[in-house]
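>>> predicted model follows, preceded by the sequence.
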Amino acid sequence: MKKIKLFADGPTLDEIKNLQNIDGYTFNPSLFKKLKAKNYIKFTEEILKFTGDKSVSIEVFGDDEKTCYDQAKKIASLSKNISVKIPITYTNGKFSTNLISKLIKENIKLNITAIFTQEQIKEIINVVKNTNTILSVFAGRLFDIGIDANQKLKEITEYTHSNSKCRILWASCRQPYDYINAINSNSDIITMGSSMIKKLKNLNSISPEDYSKETVKNFYEDAKSSGFKI
């Protein structure tokens, strides 16, 4: 099986300590909210105590170039292992190309996020083509709106690898099998939630029949432990 880097998406501090064979970590404001972070920078610093020399993506949350630039500089200053996540557009749909260009000139590692189309990548490709910038494509959300993310990611990775040094990250996973989908699409990285990462051990390791029996057993034991009667 082709090698692909595995990043943990929004793990708790305990999960960071305990997850095995992880290549990096990704976070965004929604995940910080879910993790009950009170102070964005202090929580990032706490995360960095446990991530060692692995890649950590932390996202800005401004909605204009100056605010995002200032946030990106402050986030990047926390660790050389940080890739600052920059949304491909602001909330008004305007591309963040100029911001991306400024940060690249300052040698700040970037993860361009919330990408859905190849056309969006084409808007920034000339700015990022000579860098190892991560381009996070939200495959799961493409599936959500009825688009075949497998096909789209193959097209996007082929274009990106042919025209740049950038890496494609398969984001917003919906199932453990997306690990296989990401490999088949020639993505370079996949980010998955901790619960999904734990299920990766089941891939090609248990027969459908045995998994069926295990499922029936789980239902039976839950009913028994709940004291249900009919």
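Thanks, I have it.

>>> same question for stretch 185-198, mean pLDDT?
The pLDDT scores in stretch 185-198 average 97.

>>> using CSV, write down the CA coordinates of that stretch.
What follows is stretch 185-198, C-alpha atoms only, in CSV (Å, rounded to 0.1, in the frame of the first residue of the first chain):
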residue,chain,number,x,y,z
SER,A,185,-6.3,9.8,-5.2
ASN,A,186,-2.5,10.2,-4.8
SER,A,187,-3.1,12.7,-1.9
ASP,A,188,0.0,13.2,0.2
ILE,A,189,-1.6,13.6,3.6
ILE,A,190,-4.9,12.7,5.2
THR,A,191,-6.3,14.2,8.4
MET,A,192,-8.7,12.2,10.5
GLY,A,193,-10.5,12.5,13.9
SER,A,194,-9.2,10.4,16.7
SER,A,195,-12.1,8.0,16.8
MET,A,196,-11.7,7.3,13.1
ILE,A,197,-7.9,6.8,13.4
LYS,A,198,-8.6,4.1,16.0
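
>>> pull out the buried residues from that stretch.
185-194, 196-197 (16 or more other C-beta atoms under 10 Å). From N, CA and C alone the C-beta is placed, and that goes for glycine too.

>>> among the residues you listed, which ones are in strands?
Judged by DSSP state E, those include 189-192 as members of strands.

>>> and which of the buried residues of stretch 185-198 is nearest Val137?
Val137 lies nearest to Ser187 out of the buried residues of stretch 185-198, by C-beta to C-beta, at 7.8 Å.

>>> gap between that closest one and Ala149?
Applying C-beta to C-beta, to the nearest Å, the value for Ser187 to Ala149 is 10 Å.

>>> what's the farthest-apart pair in the buried residues of stretch 185-198?
So, the buried residues of stretch 185-198 by C-beta to C-beta: farthest apart are Asn186 and Ser194, at 25.2 Å.

>>> how about the strands in this structure?
5-9, 24-26, 55-59, 82-87, 110-115, 134-138, 167-171, 189-192.

>>> what about the fifth one, distance to the chain center?
Put simply, strand 110-115 sits 9 Å off its chain's centre (C-alpha atoms, centre = their mean, to the nearest Å).

>>> with that, I have no additional questions.
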